[in-house]
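*Asks:* sequence isn't available, so here's the structure alone:
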């Protein structure tokens with residue numbers, strides 16, 4: 001069964017960097033991109049998204065607001081907040097919503113734990 005990961009960031013370059021890290025660690029995963037929360041929600045409503053990686057600072061709804069909304073609709077979806085905004089409040093809100101925190105600049109090593117945990121969770125759920 002295929003796995004789709006949604007990468008949400010208003011920066012095209014950031015989406016490319018995250019996509020490369022995901023491709024290096026989970027080469028079979030299909031990467032889908034959104035430039036903002038509204039695009040992300042539309043893709044999520046169409047179904048088929050298994051994992052979400054969200055930027056924090058975006059125009060309109062920020063990544064945590066988006067994640068909290070997504071968490072209500074998809075309570076078991078593995079999600080990560082990838083951001084350079086490493087304020088204690090942001091980290092605490094992410095953890096409270098059961099969202100992994102990955103600091104930017106994104107690296108394969110920074111994503112390794114989140115992606116391997118997400119893959120394990122998805123395999124267990126599909127059994």
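*Replies:* Looks like it arrived, so ask away. Values in this document were obtained by computation on a predicted structure and should not be read as measured data. Residues are numbered from 1 along each chain as shown.
*Asks:* wait, residue 29 touches residue 7, no?
*Replies:* No: with contact defined as Cβ atoms under 8 Å, residue 29 and residue 7 do not form a contacting pair (10.5 Å). C-beta here means a position set from N, CA and C on the backbone, and glycine is covered the same way.
*Asks:* from one end of stretch 27-47 to the other, what's the distance?
*Replies:* Chord length of stretch 27-47, first to last residue, is 21 Å (Cα to Cα, to the nearest Å).
*Asks:* what ranges do the helices span in this protein?
*Replies:* With helices called from DSSP state H, the chain shows them at 12-25, 37-46, 63-73, 88-96, 108-126.
*Asks:* would you format those as CSV with mean neighbour count included?
*Replies:* Below are the helices of the chain laid out as CSV (neighbours: other Cβ atoms under 10 Å):
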stretch, mean neighbour count
helix 12-25, 17
helix 37-46, 16
helix 63-73, 19
helix 88-96, 14
helix 108-126, 15
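*Asks:* now for the ones you listed, which one comes closest to residue 2?
*Replies:* helix 108-126 (10.7 Å; Cβ to Cβ).
*Asks:* tell me the predicted confidence for the residue nearest to residue 76 when sequence neighbours are not counted.
*Replies:* Once flanking residues are discounted, residue 76 sits nearest to residue 125: 6.7 Å by Cβ to Cβ, 6 or more residues apart in numbering. Here the pLDDT value assigned to residue 125 is 84.
*Asks:* distance of residue 125 from residue 79?
*Replies:* To residue 79, residue 125 is 14 Å away according to Cβ to Cβ, to the nearest Å.
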